[in-house]
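A.B. asks: Return a 3D structure for these sequence lines:
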Amino acid sequence: MNKSAILQTETPDITPDSGPTCRGGIRVAFYSIVALLAGVASAALLTRHVSDYAWILAVVFLGLAARGFWSVFSAWRATRHDAPYSHSVLAGELGFDLLCTCRDVVAAAFFLPDSTPRGGTMRLLVFLENYASRHRIVNLRLGHLPGIGRPEATITRLHLAAGQAAVYCLPVRVRPDITPGNHHLSVRLWMNCPTGAGQRLPGSRLHMFDTHMIRIAAPFDVAANTVPDAEAGEALPEARYISLASVSEEEPRMGKLHAIVEESAARELVEV
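C.D. replies: Next comes the predicted model:
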(Lines give C-alpha, C1' and ligand atoms only; values in the text may rest on other atoms or scores of the structure.)
Protein backbone atom coordinates (compact mmCIF):
# COMPACT_ATOMS: atom_id res chain seq x y z
CA MET A 1 0.00 0.00 0.00
CA ASN A 2 1.39 3.35 -1.06
CA LYS A 3 1.61 6.25 1.41
CA SER A 4 2.33 9.88 0.63
CA ALA A 5 3.85 12.86 2.40
CA ILE A 6 1.50 15.36 4.05
CA LEU A 7 -0.21 17.38 1.33
CA GLN A 8 -1.09 21.04 1.81
CA THR A 9 -3.89 22.81 -0.05
CA GLU A 10 -2.96 24.79 -3.15
CA THR A 11 -3.46 27.95 -1.10
CA PRO A 12 -2.08 27.00 2.34
CA ASP A 13 -4.20 27.95 5.34
CA ILE A 14 -2.02 29.66 7.95
CA THR A 15 -4.65 29.76 10.71
CA PRO A 16 -2.81 29.09 14.01
CA ASP A 17 -3.89 26.45 16.50
CA SER A 18 -5.68 27.61 19.64
CA GLY A 19 -7.71 26.30 22.54
CA PRO A 20 -7.05 23.35 24.88
CA THR A 21 -4.72 20.53 23.93
CA CYS A 22 -6.83 17.91 25.75
CA ARG A 23 -10.54 17.29 25.50
CA GLY A 24 -12.78 17.78 28.54
CA GLY A 25 -16.54 17.76 28.48
CA ILE A 26 -19.36 15.78 30.05
CA ARG A 27 -18.23 12.39 28.74
CA VAL A 28 -14.72 12.71 30.23
CA ALA A 29 -16.18 13.94 33.51
CA PHE A 30 -18.59 10.97 33.62
CA TYR A 31 -15.83 8.41 33.08
CA SER A 32 -13.71 10.17 35.69
CA ILE A 33 -16.50 9.87 38.25
CA VAL A 34 -16.92 6.17 37.42
CA ALA A 35 -13.16 5.63 37.86
CA LEU A 36 -13.24 7.53 41.17
CA LEU A 37 -16.06 5.34 42.49
CA ALA A 38 -14.22 2.19 41.35
CA GLY A 39 -11.07 3.42 43.11
CA VAL A 40 -12.96 4.10 46.34
CA ALA A 41 -14.55 0.63 46.16
CA SER A 42 -11.11 -0.96 45.65
CA ALA A 43 -9.75 0.97 48.64
CA ALA A 44 -12.71 -0.26 50.73
CA LEU A 45 -11.83 -3.85 49.82
CA LEU A 46 -8.26 -3.19 50.94
CA THR A 47 -9.37 -1.86 54.35
CA ARG A 48 -11.55 -4.91 54.88
CA HIS A 49 -8.62 -7.22 53.99
CA VAL A 50 -10.66 -8.90 51.26
CA SER A 51 -7.63 -9.00 48.94
CA ASP A 52 -3.99 -8.02 49.38
CA TYR A 53 -3.88 -6.89 45.73
CA ALA A 54 -6.82 -4.51 45.94
CA TRP A 55 -4.40 -1.59 46.26
CA ILE A 56 -3.33 -2.16 42.64
CA LEU A 57 -6.90 -1.59 41.43
CA ALA A 58 -7.26 1.39 43.76
CA VAL A 59 -4.11 3.05 42.39
CA VAL A 60 -5.10 2.40 38.77
CA PHE A 61 -8.68 3.70 39.07
CA LEU A 62 -7.76 6.68 41.22
CA GLY A 63 -4.96 7.57 38.80
CA LEU A 64 -7.40 7.44 35.87
CA ALA A 65 -9.86 9.59 37.78
CA ALA A 66 -7.19 12.16 38.62
CA ARG A 67 -6.09 12.29 34.99
CA GLY A 68 -9.67 12.70 33.80
CA PHE A 69 -10.50 15.50 36.23
CA TRP A 70 -7.26 17.28 35.31
CA SER A 71 -8.18 17.04 31.62
CA VAL A 72 -11.61 18.54 32.31
CA PHE A 73 -10.07 21.38 34.31
CA SER A 74 -7.33 22.04 31.73
CA ALA A 75 -9.83 22.10 28.88
CA TRP A 76 -12.10 24.50 30.78
CA ARG A 77 -9.17 26.78 31.67
CA ALA A 78 -7.81 26.88 28.09
CA THR A 79 -11.17 27.28 26.33
CA ARG A 80 -11.26 30.48 24.28
CA HIS A 81 -14.52 32.41 24.33
CA ASP A 82 -13.31 34.45 21.35
CA ALA A 83 -12.66 31.37 19.18
CA PRO A 84 -13.15 31.95 15.43
CA TYR A 85 -16.54 31.18 13.91
CA SER A 86 -16.80 28.11 11.66
CA HIS A 87 -18.15 28.69 8.12
CA SER A 88 -19.80 25.23 8.23
CA VAL A 89 -19.49 24.97 4.45
CA LEU A 90 -20.32 21.27 4.04
CA ALA A 91 -23.53 21.36 6.04
CA GLY A 92 -24.49 24.89 5.05
CA GLU A 93 -23.53 26.09 1.58
CA LEU A 94 -23.01 22.63 0.06
CA GLY A 95 -25.96 21.06 1.87
CA PHE A 96 -24.44 17.67 2.78
CA ASP A 97 -26.41 15.45 5.16
CA LEU A 98 -23.66 14.81 7.72
CA LEU A 99 -24.14 12.02 10.26
CA CYS A 100 -20.90 11.90 12.25
CA THR A 101 -17.45 13.38 12.78
CA CYS A 102 -14.04 11.79 13.17
CA ARG A 103 -12.12 13.79 15.77
CA ASP A 104 -14.19 16.84 14.85
CA VAL A 105 -13.70 16.42 11.08
CA VAL A 106 -16.66 15.83 8.76
CA ALA A 107 -16.31 14.27 5.33
CA ALA A 108 -18.29 13.45 2.19
CA ALA A 109 -17.21 11.77 -1.05
CA PHE A 110 -18.76 11.11 -4.45
CA PHE A 111 -17.87 10.83 -8.14
CA LEU A 112 -18.53 13.64 -10.60
CA PRO A 113 -20.20 12.68 -12.83
CA ASP A 114 -21.58 9.55 -11.17
CA SER A 115 -22.40 7.90 -14.51
CA THR A 116 -20.00 7.48 -17.43
CA PRO A 117 -19.42 5.25 -20.48
CA ARG A 118 -16.57 2.75 -20.59
CA GLY A 119 -13.32 4.60 -21.24
CA GLY A 120 -14.79 7.80 -19.82
CA THR A 121 -13.32 9.98 -17.08
CA MET A 122 -14.65 11.01 -13.67
CA ARG A 123 -13.44 12.92 -10.67
CA LEU A 124 -13.55 11.61 -7.13
CA LEU A 125 -14.32 14.55 -4.84
CA VAL A 126 -13.58 14.13 -1.13
CA PHE A 127 -14.88 17.05 0.94
CA LEU A 128 -13.42 17.75 4.38
CA GLU A 129 -14.11 20.30 7.09
CA ASN A 130 -12.43 20.69 10.46
CA TYR A 131 -14.74 21.80 13.27
CA ALA A 132 -11.88 22.00 15.81
CA SER A 133 -9.62 24.87 16.84
CA ARG A 134 -6.46 22.78 16.19
CA HIS A 135 -5.28 21.30 12.91
CA ARG A 136 -5.75 17.69 11.85
CA ILE A 137 -3.84 15.29 9.61
CA VAL A 138 -6.36 13.41 7.48
CA ASN A 139 -5.43 9.87 6.43
CA LEU A 140 -7.38 9.19 3.26
CA ARG A 141 -7.42 5.54 2.18
CA LEU A 142 -8.78 4.80 -1.29
CA GLY A 143 -9.42 1.13 -1.97
CA HIS A 144 -8.19 -0.87 -4.95
CA LEU A 145 -10.48 -1.02 -7.97
CA PRO A 146 -8.75 -2.16 -11.19
CA GLY A 147 -11.74 -1.09 -13.28
CA ILE A 148 -10.80 2.57 -12.76
CA GLY A 149 -7.03 2.12 -12.89
CA ARG A 150 -6.41 1.49 -9.20
CA PRO A 151 -4.45 -1.79 -8.91
CA GLU A 152 -3.84 -1.27 -5.18
CA ALA A 153 -5.09 0.76 -2.25
CA THR A 154 -3.35 4.04 -1.44
CA ILE A 155 -3.17 6.31 1.61
CA THR A 156 -2.95 10.06 1.07
CA ARG A 157 -2.18 12.32 4.04
CA LEU A 158 -3.83 15.73 3.96
CA HIS A 159 -3.26 18.76 6.20
CA LEU A 160 -6.45 20.41 7.44
CA ALA A 161 -6.00 23.63 9.39
CA ALA A 162 -8.21 24.71 12.29
CA GLY A 163 -11.70 25.41 10.93
CA GLN A 164 -10.62 24.82 7.34
CA ALA A 165 -12.83 23.28 4.64
CA ALA A 166 -11.20 21.69 1.59
CA VAL A 167 -11.80 19.25 -1.26
CA TYR A 168 -9.47 16.59 -2.65
CA CYS A 169 -10.05 16.07 -6.37
CA LEU A 170 -8.74 12.87 -8.00
CA PRO A 171 -9.34 12.29 -11.74
CA VAL A 172 -9.86 8.65 -12.75
CA ARG A 173 -10.53 6.85 -16.04
CA VAL A 174 -12.87 3.91 -16.40
CA ARG A 175 -11.26 1.02 -18.26
CA PRO A 176 -12.88 0.00 -21.58
CA ASP A 177 -13.16 -3.63 -20.39
CA ILE A 178 -15.03 -2.87 -17.17
CA THR A 179 -18.38 -4.56 -16.66
CA PRO A 180 -21.29 -2.16 -17.21
CA GLY A 181 -23.46 -1.51 -14.19
CA ASN A 182 -23.09 -0.16 -10.67
CA HIS A 183 -19.71 -0.05 -8.92
CA HIS A 184 -18.34 1.63 -5.80
CA LEU A 185 -14.96 2.70 -4.44
CA SER A 186 -14.13 2.20 -0.76
CA VAL A 187 -13.13 5.45 0.97
CA ARG A 188 -11.87 5.45 4.56
CA LEU A 189 -10.70 8.40 6.63
CA TRP A 190 -9.13 8.67 10.07
CA MET A 191 -7.47 11.62 11.77
CA ASN A 192 -4.33 12.43 13.73
CA CYS A 193 -4.17 15.31 16.22
CA PRO A 194 -0.47 16.28 16.38
CA THR A 195 -1.02 19.33 18.60
CA GLY A 196 -3.98 18.14 20.66
CA ALA A 197 -7.75 18.03 20.44
CA GLY A 198 -8.68 21.71 20.66
CA GLN A 199 -12.24 22.89 21.17
CA ARG A 200 -15.32 22.70 18.96
CA LEU A 201 -15.66 25.97 17.05
CA PRO A 202 -18.85 28.02 17.37
CA GLY A 203 -21.03 27.78 14.29
CA SER A 204 -20.20 24.12 13.64
CA ARG A 205 -22.84 21.43 13.80
CA LEU A 206 -23.40 20.11 17.32
CA HIS A 207 -24.65 16.78 18.67
CA MET A 208 -22.91 14.63 16.07
CA PHE A 209 -21.56 11.21 16.96
CA ASP A 210 -17.76 11.16 16.91
CA THR A 211 -16.21 7.97 15.53
CA HIS A 212 -12.65 6.72 15.07
CA MET A 213 -13.02 6.20 11.30
CA ILE A 214 -15.34 7.40 8.54
CA ARG A 215 -16.25 4.81 5.89
CA ILE A 216 -17.83 5.82 2.60
CA ALA A 217 -18.74 3.72 -0.44
CA ALA A 218 -18.60 6.16 -3.39
CA PRO A 219 -20.92 4.75 -6.09
CA PHE A 220 -20.86 5.23 -9.85
CA ASP A 221 -22.59 3.71 -12.88
CA VAL A 222 -20.90 2.52 -16.07
CA ALA A 223 -22.90 2.58 -19.30
CA ALA A 224 -22.52 -0.07 -22.00
CA ASN A 225 -21.23 2.32 -24.69
CA THR A 226 -17.52 3.16 -25.06
CA VAL A 227 -15.90 6.53 -25.75
CA PRO A 228 -13.63 6.88 -28.81
CA ASP A 229 -10.07 5.57 -28.45
CA ALA A 230 -8.60 9.04 -28.97
CA GLU A 231 -10.45 10.43 -25.95
CA ALA A 232 -9.65 7.39 -23.82
CA GLY A 233 -5.96 7.93 -24.50
CA GLU A 234 -5.85 11.48 -23.12
CA ALA A 235 -3.56 12.01 -20.14
CA LEU A 236 -5.36 12.54 -16.84
CA PRO A 237 -4.71 15.77 -14.93
CA GLU A 238 -2.97 15.64 -11.56
CA ALA A 239 -4.88 15.33 -8.32
CA ARG A 240 -5.67 18.63 -6.62
CA TYR A 241 -6.23 19.63 -2.99
CA ILE A 242 -8.19 22.88 -2.86
CA SER A 243 -9.11 25.04 0.11
CA LEU A 244 -12.76 26.08 0.22
CA ALA A 245 -12.94 28.09 3.43
CA SER A 246 -10.72 29.40 6.21
CA VAL A 247 -11.73 30.88 9.55
CA SER A 248 -9.05 33.52 8.92
CA GLU A 249 -11.17 34.82 6.02
CA GLU A 250 -14.64 36.32 6.13
CA GLU A 251 -16.14 34.36 3.23
CA PRO A 252 -15.61 30.88 1.69
CA ARG A 253 -13.77 30.61 -1.63
CA MET A 254 -15.88 28.42 -3.93
CA GLY A 255 -14.60 29.62 -7.32
CA LYS A 256 -12.24 26.69 -7.98
CA LEU A 257 -14.91 24.17 -7.02
CA HIS A 258 -17.40 25.79 -9.38
CA ALA A 259 -14.80 25.59 -12.17
CA ILE A 260 -14.30 21.84 -11.55
CA VAL A 261 -18.05 21.23 -11.63
CA GLU A 262 -18.48 23.19 -14.87
CA GLU A 263 -15.56 21.39 -16.51
CA SER A 264 -16.95 17.99 -15.51
CA ALA A 265 -20.37 18.91 -16.87
CA ALA A 266 -18.86 19.99 -20.20
CA ARG A 267 -16.83 16.75 -20.48
CA GLU A 268 -19.90 14.67 -19.67
CA LEU A 269 -21.77 16.22 -22.61
CA VAL A 270 -18.86 15.32 -24.92
CA GLU A 271 -18.57 11.71 -23.74
CA VAL A 272 -22.28 10.88 -23.77
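A.B. asks: Please count neighbours and contacts with C-alpha atoms only from this point.
C.D. replies: Will do.
A.B. asks: Run the chain-centre distance for the longest helix along the chain.
C.D. replies: For the chain, the longest helix by residue count, based on DSSP state H, is helix 54-78. Distance, stretch centre to chain centre, for helix 54-78: 30 Å (CA atoms, centre = their mean, to the nearest Å).
A.B. asks: Got the domain ranges for this protein?
C.D. replies: Following automatic domain parsing, one finds the domains of the chain at 2-16+84-271, 26-78.
A.B. asks: Mean neighbour count added to the ones you listed, as TSV?
C.D. replies: What follows is the domains of the chain, written out as TSV (neighbours: other CA atoms under 10 Å):
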stretch	mean neighbour count
domain 2-16+84-271	18
domain 26-78	17
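A.B. asks: mean pLDDT for those: which is lowest?
C.D. replies: Lowest mean pLDDT within the domains of the chain: domain 26-78, a mean of 80.
A.B. asks: Run through who's touching stretch 45-63.
C.D. replies: Contacts to stretch 45-63, defined as CA atoms under 8 Å, 6 or more residues apart in numbering, come from residues 35-36, 38-43.
A.B. asks: got the residue ranges for the strands in this protein?
C.D. replies: 2-7, 100-101, 105-112, 115-118, 121-130, 136-142, 154-160, 165-173, 181-192, 209-210, 214-226, 240-245 (DSSP state E).
A.B. asks: Export those strands to a markdown table and append columns for distance to Gly68.
C.D. replies: Shown next, in a markdown table, are those (distance: least, CA to CA, whole Å):
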| stretch | distance to Gly68 |
| --- | --- |
| strand 2-7 | 32 |
| strand 100-101 | 22 |
| strand 105-112 | 23 |
| strand 115-118 | 50 |
| strand 121-130 | 25 |
| strand 136-142 | 23 |
| strand 154-160 | 28 |
| strand 165-173 | 31 |
| strand 181-192 | 21 |
| strand 209-210 | 19 |
| strand 214-226 | 26 |
| strand 240-245 | 34 |
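A.B. asks: re the thing from before, dump the contacts of stretch 45-63 into CSV; add distance to Leu128 as well.
C.D. replies: Below are those laid out as CSV (distance: CA to CA, whole Å):
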residue, distance to Leu128
Ala35, 36
Leu36, 38
Ala38, 40
Gly39, 41
Val40, 44
Ala41, 45
Ser42, 45
Ala43, 47
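A.B. asks: quick one: which of the residues you listed is nearest Asp97?
C.D. replies: Minimum distance to Asp97 across the contacts of stretch 45-63 is 36.6 Å, recorded for Ala35 (CA to CA).
A.B. asks: From Tyr241, how far off is that closest one?
C.D. replies: Going from Ala35 to Tyr241 by CA to CA, to the nearest Å gives 44 Å.
A.B. asks: Next, the distance between the ends of stretch 84-101.
C.D. replies: 19 Å.
A.B. asks: I misspoke; the intended subject was stretch 82-92.
C.D. replies: End residues of stretch 82-92 are separated by 22 Å (CA to CA).
A.B. asks: which residues sit against it?
C.D. replies: 18-19, 95-98, 127-129, 131, 133, 163, 165, 201-205, 245-248, 251-252.
A.B. asks: is it true that Ser18 touches Ser133?
C.D. replies: Yes. Assessed by CA atoms under 8 Å, Ser18 is found in contact with Ser133 at 5.6 Å.
A.B. asks: what residues are shared contacts of those two?
C.D. replies: Jointly contacting Ser18 and Ser133 under the rule CA under 8 Å, 6+ apart are 83, 198.
A.B. asks: Now His212. Nearest residue, chain neighbours left out?
C.D. replies: Cys102 (5.6 Å; CA to CA, 6 or more residues apart in numbering).
A.B. asks: That neighbour: what's it in contact with?
C.D. replies: Counting by CA under 8 Å, 6+ apart, Cys102 touches 190-191, 210-214.
A.B. asks: Distance of it relative to Glu249?
C.D. replies: Distance, Cys102 to Glu249, using CA to CA: 24 Å.
A.B. asks: for Asp210, same thing?
C.D. replies: Taken as CA to CA, the span from Asp210 to Glu249 is 27 Å.
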